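Q: give me a model of this one.
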Amino acid sequence: LAIDLENLGRREEGLAAIEEAVAIRRELARVHPDAYLPDLAASLNNLAVRLGSLGRREEGLAAIEEAVAIRRELARVHPGAYLSDLAMSLNNLAVDLGGLGRHEEGLTAIEEATNVYRELARTHPDAHLPNLAMSLNSLALRLGSLGRREEALTAIEEATAIRQGLVKVRPAVYQAALERSSAVMEWLLGT
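A: Numbers count the residues shown, from 1 in each chain. Here you go, the predicted model:
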């Protein structure tokens, strides 16, 4: 509901919906953590995104940090089930930290996300190559914003190569992502 409301431009209503979901899932996780902690982490991740879209970055950061902590513990116990979720939350953490001007911390988070996605893509490329490309794209942006142009170019070249391969298989799905990587490449080459 929160995502649909946001897509309709009803951001405040979407925020209220995800806040309610977090409250419900927090109570469920308190009573039955094994069953509901993954759901709480997912709702916290979505709450962070909604708060960020409303410019409430500090609150969003608190939500995503909680989601990362939960998902880190879940991935430690059950890596096959939760590593991908952890990487997604780390990617969102990097975005939130960057938005607050905490670029070095954001870089650390996106580097960890990229490493996780790289490992996942090694064993299951069909499922995880798109996410690896996404995190490499984000990594290039973070490195570029820190003036580390050569490292950024290496990351965006890898992202572009992955996305070119994906476009060959499913152009309608991956063309826009390839164009985003091309735009980052142009930005880096222009700096």
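Q: what about the residue lying closest to Arg25 once chain neighbours are set aside, distance to Ala87?
A: In space, and not counting its chain neighbours, Arg25 is closest to Leu40: 4.2 Å by CB to CB, 6 or more residues apart in numbering. C-beta coordinates here come from the backbone N, C-alpha and C atoms, glycine included. According to CB to CB, to the nearest Å, Leu40 and Ala87 sit 18 Å apart.
Q: same check, this time on Ala63
A: Counting by CB to CB, the gap from Ala63 to Ala87 is 17 Å.
Q: Glu105 now?
A: Distance of Glu105 to Ala87, given as CB to CB: 17 Å.
Q: next: Tyr174.
A: Tyr174 is 19 Å from Ala87, where distance means CB to CB.
Q: which residue of the two possesses the greater neighbour count?
A: With neighbours defined as other CB atoms under 10 Å, Tyr174 and Ala87 compare such that Ala87 has more, 27 against 20.
Q: what's around the nearest residue to the more buried one once chain neighbours are set aside, how many residues?
A: Closest residue to Ala87 in three dimensions, ignoring its sequence neighbours and counting by CB to CB, 6+ apart: Val116, at 4.0 Å. Burial of Val116 is recorded as 24 neighbouring residues (other CB under 10 Å).
Q: where does this structure dip in pLDDT?
A: Within the chain, the stretches with pLDDT under 70 are 191.
Q: related to what we said a few turns ago, residue contacts, the residue nearest to Ala87?
A: Leu83, Ser84, Leu86, Ala87, Leu90 (CB atoms under 8 Å, 6 or more residues apart in numbering).
Q: Leu90 now?
A: Contacts of Leu90 by CB under 8 Å, 6+ apart are Val68, Ala109, Ile110, Glu112, Ala113, Val116.
Q: I figured Arg72 was touching Ala87, is that so?
A: No: between Arg72 and Ala87 there is no contact under CB atoms under 8 Å: 10.7 Å.
Q: please enumerate the strands of this structure.
A: Counting by DSSP state E, the chain has no strands to list.
Q: and for it, the residue most distant from the center?
A: Of all residues in the chain, Val31 has its C-alpha farthest from the mean position, at 28.4 Å, by CA atoms, centre = their mean.
Q: closest to the centroid, which residue in the chain?
A: Residue closest to the average C-alpha location in the chain (CA atoms, centre = their mean): Asn91, at 3.1 Å.
Q: these two touch, right, it and Ser138?
A: Yes: Asn91 lies in contact with Ser138 (CB under 8 Å); the separation is 6.1 Å.
Q: what touches both of those two?
A: Ile110, Ala113.
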